[in-house]
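Student: Requesting a structural model of the entry that follows:
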Amino acid sequence: MSHFKLGVEVVGAHDLLAKDGQGASNAFVEIHFDNQKFRTTTKEKDVNPVWNESFYFNISDPHKLSELTLDAHVYHHTKSNNKKTCIGKVSLTGTSFVPFSDAVLLHYPLEKPAIWSRARGELGLKVFVTNDPHIRTSNPLPAMDSNMPADQQAQASLEQTLDSMSDAFSGDKSGLRQRRTFHHLPNPDSQQRQAVPPQMTVPPQMAGPPKTNYGAYEMRGGPQGPRVLYSGPSMQPADYALKETSPYLGGGQIVGGRVIPGDRPTSTYDLVEKMQYLFVRVVKARDLPSKDVTGSLDPYVEVKIGNYKGRTKYFEKNKNPEWNEVFAFAKDRMQASELEVVLRDKDLVLDEFVGRVRFDLHEVPTRVPPDSPLAPEWYRLEDKNRDKKKGGELMLAVWIGTQADEAFPDAWHSDAAVTDDVPPSSQTHIRSKVYHSPRLWYLRVNVIEAQDLVSSDKNRFPDAYVKVQIGNQVFRTKTVQARNMNPMWNEEMMFVAADPFEDHLILSVEDRAGPNKDETIGKVIIPLSTVDKRVDDKILRGRWYNMEKSTAAAMDGEKLKKDKFFSRLHLRVCLEGGYHVLDESTYYSSDLRPTARQLWKPSIGVLELGILNADGLHPMKTRDGKGTSDTYCVAKYGHKWVRTRTIINSLSPKYNEQYTWEVYDPATVLTVGVFDNGLIGGSNGSRDAKIGKVRIRISTLETGRVYTHSYPLLVLHPSGVKKMGELHLAIRFSCTSMLNMMYLYARPLLPKMHYVRPLTVIQQDSLRHHAVSIVAARLTRAEPPLKKEVIEYMSDVHSHLWSMRRSKANFFRLMSVFSGLLAMNKWFGEVCMWKNPVTTVLVHVLFAMLIYFPELILPTAFLYMFVIGIWNYYYRPRYPPHMNTRLSYAEAVHPDELDEEFDTFPTTRSPEIVRMRYDRLRSVAGRIQSVVGDVASQGERIQALLSWRDTRASFIFLIFCLVAAIVLYITPFQLLALVAGVYTMRHPRFRRKMPSVPFNFFRRLPARTDSML
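Tutor: Prediction:
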């Protein structure tokens, strides 16, 4: 029997319609779900009632939960005739239900119950799904009776609520943890979902789409090499240009973005080349002979084929060991026809041979998913004389498969084998993995006031301030010199917290007793797991917290103390779920959803990425006298990070791994980076060196097209821009609903709270820095870890720092934006100068037509833009944008400017260099200062027209305004516009080289520059 229940907490309503004729209502709520109905108590004479009542519904079929609807009707009870009148309703679909751990209070606007009725106000509900068997279904209240007093109704509701919740909160703390655990149910309709234990099951609509194995998947094409196509002319050198390719992938050959199916059957992983591997699973051994004098055995298994050799871990003094390890050998690199599996005894001097098993590669079976895994078999070990009588047995499974095999992600790979200078324990650090960054929340802390502070110095009032800390984030309020023991701050601070909440919010009230002398008055420690969550801007009620003398006392709040401490701190604390926590640069954001899952919209499509290979990589280290690299790729989109396996000792590695992401907004960016694994024979403190990265904006991709391009890996070094190699990618964006995607273009880019209660620019930069630090701290604890330098490089954490090169690049970008206006102004100047009389006459005729038919102005302008857009469609870009060295102003940059850009903060350069750079910055700032001053002067001259600062100029301007008003009143506007246009485009014979009268008059107006020091 299913224990799934739908919990509904009716908190309260706000601003309801008055129905009793006296400006109030007798409100109660009826809730309908799955043929069950419950009712709250009646709150009399209240348009802002508060119930705080909880109800639990049985879910008859969890698989159909998404098809059910929860209806909440708000009624007004009329006592005179014992009737109810509906004053609003709320309907929630099953797709919006979330687990208990993700549930937050939401205020839903009331809808009209009928077409001609009225509705007003909001209803606060908290809806969640739980699988706690201790919670029983709520008992319905008795039918409404006019003779039943309201206090008896309240008592019945209270008894029902206590009855349903008594078992849920009884017992030890493990029961509480069990109540907060959200379990999963298997979906029988899903064929691609992996088997999970029954205790980890959820309803199918809560489990989301079928999970796909996003492990490393390789494929390999035929012998014919890719055809390289240059993507048209580029504004940068051809070596730095994007190249379109036509590789043979799993689904067929890619030509011009289209897939031409081949003779071979296609697979799920059709964006990478199909590659075959020889898989060897070493399961366990039994009845092994003794080899040491003591009769013990330290066994391990060595898998050999040609020059490739893989080794399991060894067990001390164990004759029946279990390894369960998988080895994968690339079939195209195998130069032998026999596979040898050798079992050895680990020794200090020389490992001793125990036995072996041999396989002829021509006899190895081939497995094609979705076939079931090959069952392992027992094989007798033979000695060097091929005697199988006393060698024991070894359980093995050997088969040939592709990267679509489920054993591929965790297998030992022949092309990713560690070298002798790295211990075998580092094998886990070179495997492919999928990471999920933690869900980040903004924590808003409002420090209001303190009460009854006790200072060590009884002869003065404390100069108090509050230090607020969570993890490495520390903020302080201003110091208040109050004339009593109740200081007031009323300051608000924002922090970043990560789910699950492991840190505590620590508030310390300090007394500025003297210079550099602060004394702690008291502390408050709040676990973040107890902080309320909200998704809107509803004002939360403040709460008083008792302060303790020490941190230990604050952590143990239930411990009785001899010296009671009565100082209190008034706070308002909440976790903001309506914001999107910016953990990357705004221009390169890969996710724009709010933190609260209940506010997430359905996905609009799927992004598929095939990381094929890299070519011509720059050597990052030296091994055996030759330059080489040990590279891996990292891709980031949304909360999901992926890392390919590390290819050892190769400057042209082949990854052939495919990954998938759900897309929720087209205005997002996918980032793919290539790094050298510093753990393998590296220096520089084992830091992973960056080789380059690629950014791809989803909105620039056509739906359904496969983009196969070779991207140049460009990195800016102190010596200049350098090409570190090329990265070959295959990308496809599939849209599930074109209508939903078009609708997103009319929606705000960020969630609602960013506009209702916006954050300042300084707050955004500070919070983004803390968010990146939190993500780096979490992902570096994974295995294999994503190092901090990798996360910072992928997130562009240093993009806000000053750079002369970047400033020049932005200036030229701005000039490029206005180049169209400048070109139009130049063309109009040529028209006015009659350089082409035919064009000038045609412009006169068009101008006259628009003046006499002004209703054609806007249609003509929009039609002109439509024609230009249709014309440009033929010349539209056929490939995603990529790194442009000329746009980045990286080709002509001065070496000293690059050295300044790569300088640390604070600087580590000599005082002479710093002085020279400071003088250069002063000269640039001086030019900017002059431009800003000129713009301000023109604005002040406009203000001087009516300010009578220059009485004669103001008098002349007023007379002109009076005459202009009379002339414009008695003269038709079309005639005036025609005369003004003809005068502006008059022939050069009627022009003078001297400035015009209005220009001379404006230049003589006073500005406030003469008042500046």
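
Student: just checking, what's the longest strand in this protein?
Tutor: The strand of greatest length in the chain, counted in residues with DSSP state E as the criterion, is given as strand 720-735.

Student: Dump the C-alpha coordinates for that one into CSV.
Tutor: Taking Å, rounded to 0.1, in the frame of the first residue of the first chain, the C-alpha atoms of strand 720-735 are listed here in CSV:
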residue,chain,number,x,y,z
GLY,A,720,50.5,38.1,-26.2
VAL,A,721,47.7,36.0,-27.6
LYS,A,722,48.6,32.4,-28.3
LYS,A,723,46.8,29.5,-30.0
MET,A,724,47.1,26.4,-27.8
GLY,A,725,45.4,24.0,-30.2
GLU,A,726,42.0,23.2,-31.5
LEU,A,727,38.9,21.6,-29.9
HIS,A,728,36.5,19.6,-32.1
LEU,A,729,32.9,19.7,-30.8
ALA,A,730,29.5,18.5,-32.1
ILE,A,731,26.5,20.5,-30.7
ARG,A,732,22.8,20.1,-31.2
PHE,A,733,19.9,22.1,-29.7
SER,A,734,16.5,20.4,-29.9
CYS,A,735,13.4,22.5,-29.0
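
Student: Quick one: mean pLDDT over the following helix or strand past that strand.
Tutor: Along the chain past strand 720-735, the next helix or strand (assigned with DSSP states H and E) turns out to be helix 738-744. The average pLDDT for helix 738-744 rounds to 89.

Student: for stretch 956-965, same thing?
Tutor: 92.

Student: next one: stretch 719-729
Tutor: Averaging the model's pLDDT scores along stretch 719-729 yields 91.

Student: just stretch 414-424 next, same as before
Tutor: The predicted model gives stretch 414-424 an average pLDDT of 58.

Student: One more: stretch 606-619?
Tutor: Stretch 606-619 shows a mean pLDDT of 93.

Student: Only the C-alpha atoms, please, for that stretch, written as PDB.
Tutor: In PDB, the C-alpha atoms belonging to stretch 606-619 read as follows (Å, rounded to 0.1, in the frame of the first residue of the first chain):
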ATOM      1  CA  VAL A 606      17.600  19.800 -24.800                       C
ATOM      2  CA  LEU A 607      21.200  20.700 -25.500                       C
ATOM      3  CA  GLU A 608      23.500  17.800 -26.600                       C
ATOM      4  CA  LEU A 609      27.300  18.200 -26.700                       C
ATOM      5  CA  GLY A 610      29.700  15.800 -28.200                       C
ATOM      6  CA  ILE A 611      33.400  16.400 -27.200                       C
ATOM      7  CA  LEU A 612      35.200  14.700 -30.100                       C
ATOM      8  CA  ASN A 613      38.900  15.400 -29.900                       C
ATOM      9  CA  ALA A 614      41.600  18.100 -29.600                       C
ATOM     10  CA  ASP A 615      44.300  18.600 -32.100                       C
ATOM     11  CA  GLY A 616      47.700  20.400 -32.200                       C
ATOM     12  CA  LEU A 617      47.800  21.000 -28.500                       C
ATOM     13  CA  HIS A 618      50.700  23.000 -27.100                       C
ATOM     14  CA  PRO A 619      53.000  20.900 -24.800                       C
END
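
Student: returning to that earlier point: helices or strands up against the longest strand of the chain?
Tutor: strand 605-615, strand 669-676, strand 689-697, strand 706-717 (3 or more C-beta pairs under 8 Å, 6 or more residues apart in numbering; DSSP states H and E). In this view, the C-beta of every residue, glycine as well, is placed from N, C-alpha and C.

Student: need these in TSV with mean neighbour count and distance to Met833, can you?
Tutor: Putting the helices and strands packed on strand 720-735 into TSV (neighbours: other C-beta atoms under 10 Å; distance: least, C-beta to C-beta, whole Å) gives the following:
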stretch	mean neighbour count	distance to Met833
strand 605-615	22	53
strand 669-676	23	46
strand 689-697	21	43
strand 706-717	21	45
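
Student: So which of these is nearest Ala27?
Tutor: strand 605-615 (43.8 Å; C-beta to C-beta).

Student: Can you tell me who the closest residue to Asn320 other than its chain neighbours pairs with across the strands?
Tutor: The shortest distance from Asn320 to any non-neighbouring residue, by C-beta to C-beta, 6 or more residues apart in numbering, is to Arg286 (5.0 Å). According to DSSP bridges, the residues that bridge with Arg286 are Glu393.
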